[in-house]
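> return a 3D structure for these sequence lines:
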Amino acid sequence: MCDSTFTFGQRGDHFFQCPSRKSHTRLPKKLQNLLTSNQISQIHHVTLGFDNSFLITYRDKNGRDHMKSSNIPHELHNFLYAKDSLNLYIRNRQTIRVTIGPYNSSFFAHDGSAYLWMDLPPPLLNAIQSRIKDGTWLDRPRIVAIGAEENFLMITEKNTAVWNLSHYRTLGKMLEFSKTQERGIAEVQSVVLHPYRYQSFVAQSKNGTLIHENLPPHSIADMEGMREPIKRDTEETARRKERAVNRRPSLNHQATLRREWGERKHQLQTETKGYQMKLSLSLDISPGGIARTFGW
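Reported below is the predicted structural model:
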């Protein structure tokens, strides 16, 4: 699997990204200016919302992480830009992920450790709250998508799926079928619901397959252009992980290394003790004894 970003705004804007490709159109002017500047070396995340609202997190050419936004909900702004007693930002900007519902009336946001949501559809809210006990997650959400008319999808880390997709029927049928397959839900990598367009969604599987339906006509070419790059990036990610595993010593090899190290350590300790004994003896010998040792 590879990390990707798909987000749709209310003005017909969109932003698509995978490690090897980016596509976007009709972006808010502030965001467009930032993307065309020479400030950015890596984009972590982008979310588009109502009118000209947006959020972007990115790394600059000097390796520093930044976050910029415009017209996002006040509660979300306070959460993302919270500071500690030393006036340092609390949120991890590399891992911030935000889903904004229609007209910015709802959202779900987190950075992997802290979470905030507002005005979620009641069934989604109940599903989230039922997985928290004494302030601790019992089963943390890994996918939260908010669509039109209080439609939603949530998939947890334990691959429990909860949804109301009456306005995204094809996706609902796909999820129903996935539940009947071994690791079906587990293979869902990401899902985005277009919050301003019925039946419009993007889904990516962990093997790099990309499925979409009823996207705005001007977005289809850009989405199709993402298909092969995502497939290649997914395969490359798998190869990197395999190489990393192959470089890691096997359990048997680790046991051999530990045994050899233990034997070597014992040998060094023995040699060191012997050296210390010889040294102490030489210090205890009288001057005459020293002279005899050297034949004087």
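
> number of nearby residues for Gly225?
12 (other CB atoms under 10 Å). Yep, even glycine has a C-beta here, placed from its N, CA and C like the rest.

> what mean pLDDT does the one helix or strand it maps to get?
Per DSSP states H and E: Gly225 is located in helix 217-247. The average pLDDT within helix 217-247 is 91.

> what helices and strands are in contact with it?
strand 14-18, strand 21-25, strand 210-213 (3 or more CB pairs under 8 Å, 6 or more residues apart in numbering; DSSP states H and E).

> now those strands in CSV, with mean neighbour count, mean pLDDT and distance to Ser37?
Formatted as CSV, those follow (neighbours: other CB atoms under 10 Å; pLDDT from 0 to 100; distance: least, CB to CB, whole Å):
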stretch, mean neighbour count, mean pLDDT, distance to Ser37
strand 14-18, 24, 97, 16
strand 21-25, 17, 97, 14
strand 210-213, 18, 97, 29
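
> give me the angle between the helix holding Gly225 and strand 14-18.
With axes from the mean of the first three to the mean of the last three CA atoms, to 10 degrees applied, the angle from helix 217-247 to strand 14-18 works out at 20 degrees.

> distance between helix 217-247 and the chain's centre?
Mean-position distance between helix 217-247 and its chain equals 15 Å (CA atoms, centre = their mean, to the nearest Å).

> buried residues in it?
Buried residues in helix 217-247, counted by 16 or more other CB atoms under 10 Å: 219, 222-223, 226-227, 229-234.

> can you list the domains in the chain?
5-245, 251-293 (automatic domain parsing).

> sorry, back to before: using JSON lines, please lay out the helices and strands packed on helix 217-247 together with distance to Met67.
Below are those laid out as JSON lines (distance: least, CB to CB, whole Å):
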{"stretch": "strand 14-18", "distance to Met67": "15"}
{"stretch": "strand 21-25", "distance to Met67": "18"}
{"stretch": "strand 210-213", "distance to Met67": "28"}
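
> between those strands, which one is closest to Val245.
Val245 sits nearest to strand 14-18 of all the helices and strands packed on helix 217-247, at 23.1 Å, using CB to CB.

> show me what that closest one is packed against.
strand 5-8, strand 21-25, strand 40-48, helix 217-247.

> with distance to Tyr81 added, can I get these in JSON lines?
Converted to JSON lines, those look like this (distance: least, CB to CB, whole Å):
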{"stretch": "strand 5-8", "distance to Tyr81": "20"}
{"stretch": "strand 21-25", "distance to Tyr81": "24"}
{"stretch": "strand 40-48", "distance to Tyr81": "15"}
{"stretch": "helix 217-247", "distance to Tyr81": "30"}
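
> ok, which of these comes nearest Asn164?
The nearest among these, by CB to CB, is strand 5-8 at 19.2 Å.

> and that closest one, what's buried?
Neighbour-count burial for strand 5-8 [16+ other CB under 10 Å]: 5-8.

> and of the residues you listed, the nearest to Pro19?
When the buried residues of strand 5-8 are ranked by distance to Pro19 (CB to CB), Thr5 comes first, at 10.6 Å.
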